[in-house]
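# One predicted model, sequence on top.
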Amino acid sequence: MELAIDRVTKRYANKIACDRISLTLHAGVYGLLGANGAGKTTLMRMMCGVLAPTSGTIAFDGIDVNHEDYRDVLGYLPQDFGYYPEFTAQNFMLYIAMLKGLPKVRAMEKSRELLELVSLEKEAKKKIKTFSGGMKQRLGIAQSLLNDPKILILDEPTAGLDPKERVRFRNLISRLGAKRIVLLSTHIVSDVEHIADTILLMKNGQLIHQGTLEQIIDTITGKVWECSVSQEAAEIMCEKHPVINIRQEGEKIFLRLICENPPQDDATGVTATLEDLYLYYFSGVNEQ
Amino acid sequence: MNNKLKMGLQSAFEAPIPKRKAQFLKTLRYPKISYLSFLGYQFAYIRKRVWLLSAFILLMGWTVSFSAAFQNFHMEASRVWTVSAILPFLTLLTVTEIFRSAFDCMAELETSCRFNLSQIVMARISILGTGNFIVLSLLLILINRSSHFGILRLTFYLLVPYLITCSLCLLILNRSSTRESMYGCAAAAGLVGIINMIIGSAVQFYSAGYLRYWILLSAAAIVLIGFQIHNLLKQTEDKTWNLLLTE
């Protein structure tokens, strides 16, 4: 099982959304991290055949992204998906099942099973327009699994879910990653930290890092510091370095920041986290 | 192995209880539905209002042709424009049904499915086109029974408003397939309907001498429709449909 992305570029009139991205994905969970406009959604859309790349190829076990057989093994949850206003959750599932080529009996069974999985079995006959954001998101996750996909692409799957649901879905996605390629994008760093086997970091349309959590964090290991400083010193440090955390502590200001050397003599070096790395790259201070 | 021995073995040894049968069955590949079945399912997802309006137009055609209420309509033209003035609204419903995926933000999800957006659009065009063809054919048969225009002239009198509305709606929706564009299409349908009524009140436009203009209008509308359908399918294949909204 191999999904090969070879020098994929997407160029719009005045912007390069994805710039010569090459990747090879095998079974497992891949977390795609990046700020807004980094090119995550564009890359995912190209991987789903929704957008045509300007150049480059995408293929799963040799099957091109534009081929029907590729779509046959694909499950996709877009960032924003709509629904026909008259649809109930069950109608929606049956409609998508039909588009995925499932025969009616199989579609009924699978819809019931997946609605149960996302705890929507009691709402199966209710119109989607009455659903909350979290319920719609759960329905979106359920539809993406209808054809038992080998490639599962989830664009912000945990957006709109409450913390309990998020944990449930993190566990579900982890399980799904055992037998298929799961690629998920999110702004919630802790989601990626908990479930992704491999983390992909995107910035300005380019893949700037990829690896396991430990490999990725290695970039800033020994560069994360905590210290308490005066108001004036804090302002200077905030301009110079990416600040992860800032809070008032009596007369002083507590700072957690990233820099090559200790920002002052009594600064304490602390263990780096993925959130530190994310803010290091996307805080603005470190912009090139 | 003879049957006696088989029976003997079956009675002597109990068959083992299947292990993880459900999981095993789930791993089996199942046959996918054919394009023809997909077309059948798509038919079921066409909204009823399209068929209701079609039935209403047919009823109107029947009423105009046979009802006593319309016996005072001595002018042949009146019979025709009464029906043809409502045909743009059938076009409006048809075209908006074809563009439904874009209006309801389903395009992205549908594009990623096995039967993708361009196949869905083709299926809708085929089903609705066939439906409209049947309605127009029955109208022609109905009106022709009580008209002296002849089938050829009647065809053009009925087709022109239908085709012009169709081309205008496709032109509008190919440029912007948002829900708001539907108002533009409704305005176009209304405009064609009104123009049709104005022309209808001037009987000379239905004379044989004007037939070449009706033919010319039909031909122009058909060319424009062909061009717009080509653009529509190209857009769905190029995967640019409705994505500008979220880029």
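Nice, I can see it.

# ok, how many other residues are close to residue 57?
Using chain A. 13 (other CB atoms under 10 Å in any protein chain shown). Where you see a C-beta, it was placed from the backbone N, CA and C, and this is true even at glycine.

# To clarify, I was referring to chain B.
In terms of burial, B:Ile57 registers 21 neighbours under the definition other CB under 10 Å.

# right, and it touches B:Pro88 too?
No. The criterion here is CB atoms under 8 Å, and B:Ile57 misses it with B:Pro88 at 10.9 Å.

# Which neighbours do the two have in common?
Common neighbours of B:Ile57 and B:Pro88 (criterion: CB atoms under 8 Å, 6 or more residues apart in numbering or on different chains): none identified.

# Which residue ranges of the stretch 101-250 of chain A form helices?
Using DSSP state H, counting those that start in this stretch, the helices assigned to the stretch 101-250 of chain A run over residues A:104-117, A:133-144, A:163-176, A:189-195, A:213-217, A:231-240.

# name the helices or strands packed onto the last one?
Packing partners of helix A:231-240 (3 or more CB pairs under 8 Å, 6 or more residues apart in numbering or on different chains; DSSP states H and E): strand A:243-249, strand A:252-258.

# Nearest to chain B, out of the ones you listed?
Taking CB to the nearest CB as the criterion, strand A:243-249 is the member of the helices and strands packed on helix A:231-240 that comes nearest to chain B, at 30.7 Å.

# Show residues contacting that closest one.
Applying CB under 8 Å, 6+ apart, the external contacts of strand A:243-249 come out as A:224, A:228, A:234, A:237-238, A:253-258, A:275-276, A:279, A:283, A:285.

# Give the ChimeraX command for selecting the buried subset of those.
One line in ChimeraX is enough to select the buried ones among the contacts of strand A:243-249; burial here means 16 or more other CB atoms under 10 Å in any protein chain shown:
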select /A:224,228,234,237,238,253,255,256,257,258,276,279,283,285
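
# Closest one of the contacts of strand A:243-249 to A:His194?
The shortest separation between A:His194 and any of those is 12.3 Å, and it belongs to A:Glu275 (by CB to CB).

# Report the spatially closest residue to that closest one, excluding sequence-adjacent ones.
The spatial neighbour of A:Glu275 that comes closest, neighbours along the chain excluded (CB to CB, 6 or more residues apart in numbering or on different chains), is A:Val189 at 4.7 Å.

# Need the per-residue pLDDT for that neighbour.
A:Val189 is assigned a pLDDT of 85 by the prediction.

# Now do the SS call for A:Tyr278.
Using DSSP: H, G, I helix; E, B strand; the rest coil, the three-state assignment for A:Tyr278 comes out as helix.

# any idea what sits nearest the closest residue to chain A within chain B, other than its immediate chain neighbours?
Among the residues of chain B, B:Cys105 lies closest to chain A, at 2.7 Å counting by CB to the nearest CB. The shortest distance from B:Cys105 to any residue that is not its chain neighbour, by CB to CB, 6+ apart, is 2.7 Å, and that residue is A:Gly82.

# And for the residue nearest to A:Glu275, the neighbour number?
Around A:Val189 sit 18 other residues, with neighbours defined as other CB under 10 Å.

# ditto for the one 3 residues further on
Using other CB under 10 Å as the criterion, A:Val192 is surrounded by 27 other residues.

# The residue nearest to it when sequence neighbours are not counted: neighbour count?
Spatially, and ignoring its direct neighbours in sequence, A:Val192 is nearest to A:Gly31 (3.3 Å; CB to CB, 6+ apart). A count of nearby residues for A:Gly31, using other CB under 10 Å, gives 26.

# So A:Gly31 belongs to a strand, correct?
Yes. The assignment for A:Gly31 by three-state DSSP puts it in a strand.

# ok, now how distant is it from B:Glu108?
Taken as CB to CB, to the nearest Å, the spacing of A:Gly31 relative to B:Glu108 amounts to 22 Å.

# my guess is B:Leu136 contacts B:Tyr157, does it?
No. The pair B:Leu136 / B:Tyr157 is not scored as a contact, 11.4 Å apart, by CB under 8 Å.

# Settle it for me: which of these two has more neighbours?
Neighbours per residue, other CB under 10 Å: of B:Leu136 and B:Tyr157, the larger number sits with B:Tyr157, 28 against 19.

# from what I can see B:Gly131 touches B:Trp51, true?
Yes. The pair formed by B:Gly131 and B:Trp51 meets the contact definition of CB under 8 Å, at 7.2 Å.

# Of those two, which one has the most company?
Regarding B:Gly131 and B:Trp51, a neighbour count based on other CB under 10 Å identifies B:Gly131 as having more, with 18 against 13.
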